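Enquirer: below are the sequence and a predicted model; questions follow.
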Amino acid sequence: MSMDRKSLVLELKASLYTAKKEILVNLRYPLWVVFWAIMPIFWLAPFIFQGHALVGGRFSESFGELAGSTDFITFAIIGSSLYAYVMSALWGMGLSLRREQWGGTLEMLLISPCNKFSILFGKALSDSILTSFYAIVQFVLASLLFGASIRVENMFFAVLIVVLMVLALYGIGFLLSGVILMYKEPGALLNFIDTLIYTICPVNYPLRTLILLLGGVGYYVTMVSIVFPLTPALEAVRTLLLPSFNPYLSIAVAVSYLIAATVVFLMVGMLLFNLVEKKIRRKGGIEAY
Amino acid sequence: MQDYSIITKGLRKTYRKEEGGFLFKKRSRETIVALDNVDLSIGRGELFGLLGPNGAGKTTLVKILSTLIIPDAGTALVNGYDVLKEPRRVRASIGVVSSGERSLYWKLTARENLEYFARLYKVPDDVAGRRIRELLSLMELEDRADELVEKYSSGMRQKLAIARAMLHDPEILLLDEPTLGLDPGFSKSIRSFIKEELNRKQGKTILLTTHYMEEADQMCDRVAFINKGRIVAVDAPDRLKNMIGKNEVLKIVVSSLEDSVLSAIGSLSFLEDYGVADAGEDGGKVVRMYMKDVDAHVQEIVGFFSKAGCRILSLSVEKPTLEDVFIKLTGEALGD
């Protein structure tokens, strides 16, 4: 039993040192860090400018009818901050493996005796730490530039929900890491999935908009959107942080789904990554470009 | 019964060629045989060389032994563990130097590289610090341990790659072309370190793959020749060279060689044996002629080639090498 605990501690250390290594390498490219800290503001700003021009201010009655809150700017800032995690949690591990493959270090990772999921988890952890930094910078900058009004007392629970969402996304991330190792060039797939998520998840609009605009089809699109962990997380976090938000999903349903999704996605993601990795070892293409 | 560190039996690996497709690559029916029924036994503490030309299957064998590739058939035991059934025990038993300097993080310092890999190799914290200091000192890298690896020379990176492979003090080292691309001075120091320090002093079992015959000849207790995925001979370098006999070798490089001249060489009565290999990309040939007394026949040989219209580019007398044995066994050269 003590051996098991010792082994677990050593695996955990492998994860933490992987995260440390990734962050160190990132920090040796300081322009990247500055770019990713500032750039998201430029993606959010046009939406806020457009909304402001359309409704003549930061509050919209028609927006309030769908969302509960009339403050569409705070609504969008929360959406944009959570969306930042999607890219890193889904693709961070896979793209990092791809960089290792290009750099020639991947084989050395895979012939180490530690569990490969310890390495993958460490990579994901480093991405989440960096993303948290970017999300905080984005939230603070956006609040300073455009103003944001949130219930700060609920921030702790909101962070817990973000952690749950990120864990569920890791599961999908494991699966996508296998896909990247197998098919090497993820560019088109990455852009397609990213755009799809941005379109059907309520990052910048209330979820009810889908049904309002698309009718019966909108209902099915809403169901697909809810399956993806970002949507229930956005519903729950907005319920906690916005002073008057009318969620499509109750916080209890959203959190229950996120817990279940975390377990299922992690299990399925790990299983599929194992299968893909075995196939690549059989094919002999681990270090192939 | 001898104690073996590495045993392979009937190891086979083939690759299917892939062809371009619109979305997915089509897998061709054509296969490339990388390893064909490979049987090897490497004793504990032995420095064993695997010698063969590029594409002979050396790297595939190392990758199977290090659990990176799954074989199609056969078994491989490393330190008594099956590479398919107990891959993590195998990984804990081996240190691998492969892909040389590319296998390191260039944006980390040498110390940071070793600290990271020490955790991947589950070296406890109290041991890791001491071990890293020892290895940096052993490799004479301690003065520059906190510089980014991108500022290192190729030789220093190779030394660091070897240090990384030894972090967890493995019993077995798999060294895949450890001197490839290094200048002669550094190659010599790396070879000496591998043989004297790692093998003789520390008693590590070492599987060294190379296509440099001198490297295998100078360093290895035993050598296996591999060609087109098959092991063609295994023995001590001296015993392999004895296959050539007590002869001298006259090496002649000619600009071209017609088939008729080639067959006529065999009719020279004083020749014990001969071998022919490509000299390079310009169509030249290397003819290695084995005989008892070169001095007595050299004029006759020069006359033979001149009469046949072959321009002699160089001529030298050598002792038999492992390359001679390889050419004798396979009819092919090892390459440069």
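Expert: Thanks, I have it. All values reported here derive from a predicted model rather than from experimental measurement. Residues are numbered from 1 along each chain as shown, chains lettered A, B, ... in the order given.
Enquirer: and the residue of chain A at minimum distance from chain B, how many neighbours?
Expert: Nearest residue of chain A to chain B (C-beta to the nearest C-beta) works out as residue A:104 at 3.1 Å. (Each C-beta comes from the backbone N, C-alpha and C, glycine too.) Number of residues near residue A:104 (other C-beta atoms under 10 Å in any protein chain shown) recorded here: 18.
Enquirer: so residue A:67 sits against residue A:245, correct?
Expert: Yes: in this structure residue A:67 lies within contact range of residue A:245 using C-beta atoms under 8 Å: 6.5 Å.
Enquirer: ok so, going back, ok, the residue of chain A closest to chain B to residue A:24 distance?
Expert: According to C-beta to C-beta, to the nearest Å, residue A:104 stands 18 Å off from residue A:24.
Enquirer: show me the contacts for residue B:314.
Expert: Residue B:314 sits next to B:251, B:252, B:253 when contact means C-beta atoms under 8 Å, 6 or more residues apart in numbering or on different chains.
Enquirer: quick one: the first one and residue B:321 touch, right?
Expert: The one in question is residue B:251. No: with contact defined as C-beta under 8 Å, residue B:251 does not reach residue B:321; the gap is 9.8 Å.
Enquirer: the more surrounded of the two?
Expert: Ranked by neighbour count (other C-beta under 10 Å), residue B:251 and residue B:321 place residue B:321 first, with 20 against 16.
Enquirer: the residue lying closest to that one once chain neighbours are set aside: neighbour count?
Expert: Once flanking residues are discounted, residue B:321 sits nearest to residue B:213: 5.6 Å by C-beta to C-beta, 6 or more residues apart in numbering or on different chains. When neighbours are defined as other C-beta under 10 Å, residue B:213 has 21 of them.
Enquirer: what sits against residue B:213?
Expert: Taking C-beta under 8 Å, 6+ apart, one finds B:51, B:321, B:322, B:323, B:326, B:334 in contact with residue B:213.
Enquirer: report the separation between it and chain A.
Expert: Residue B:213 sits 27 Å away from chain A, going by C-beta to the nearest C-beta, to the nearest Å.
Enquirer: please apply the same query to residue B:38.
Expert: 15 Å.
Enquirer: contacting residues for that residue?
Expert: Per C-beta under 8 Å, 6+ apart, neighbours of residue B:38: B:8, B:10, B:11, B:12, B:57, B:61, B:74, B:226, B:229, B:230, B:231.
Enquirer: which SS class is it?
Expert: strand (DSSP: H, G, I helix; E, B strand; the rest coil).
Enquirer: tell me the spacing between the residue lying closest to residue B:159 once chain neighbours are set aside and residue B:33.
Expert: Distances taken as C-beta to C-beta, 6+ apart put residue B:139 closest to residue B:159, at 4.3 Å, once the chain neighbours are dropped. Using C-beta to C-beta, one gets 38 Å for the distance from residue B:139 to residue B:33.
Enquirer: do you have the helices of the stretch 51-200 of chain B handy? List them.
Expert: Using DSSP state H, counting those that start in this stretch, the helices of the stretch 51-200 of chain B run over B:58-65, B:87-93, B:110-120, B:125-138, B:154-165, B:184-192.
Enquirer: mind listing what's buried in the second one?
Expert: Burial within helix B:87-93, assessed by neighbour count using 16 or more other C-beta atoms under 10 Å in any protein chain shown, is assigned to B:87, B:89, B:90, B:91, B:92, B:93.
Enquirer: same deal with the last one?
Expert: In terms of neighbour count (16+ other C-beta under 10 Å), helix B:184-192 has its buried residues at B:186, B:187, B:190, B:191.
Enquirer: need the residues that contact it.
Expert: Under C-beta under 8 Å, 6+ apart, the answer for helix B:184-192 is B:154, B:155, B:158, B:159, B:162, B:178, B:179, B:182, B:215, B:218, B:219.
Enquirer: what sits against residue B:151?
Expert: By C-beta under 8 Å, 6+ apart, the contact list for residue B:151 reads residue B:144.
Enquirer: any idea how far chain A is from it?
Expert: Distance from residue B:151 to chain A, by C-beta to the nearest C-beta: 12 Å.
Enquirer: near chain A, which residues of the stretch 1-150 of chain B?
Expert: B:13, B:15, B:34, B:60, B:63, B:66-70, B:88-89, B:91-92, B:94, B:96, B:98-99, B:102-108, B:112, B:115-117, B:119-122, B:124-125, B:148 (C-beta under 8 Å from any C-beta of the partner chain).
Enquirer: now list the buried members of those.
Expert: Buried among those by 16+ other C-beta under 10 Å: B:13, B:15, B:34, B:60, B:63, B:66-70, B:89, B:91-92, B:94, B:96, B:98-99, B:102-108, B:112, B:115-117, B:119-122, B:148.
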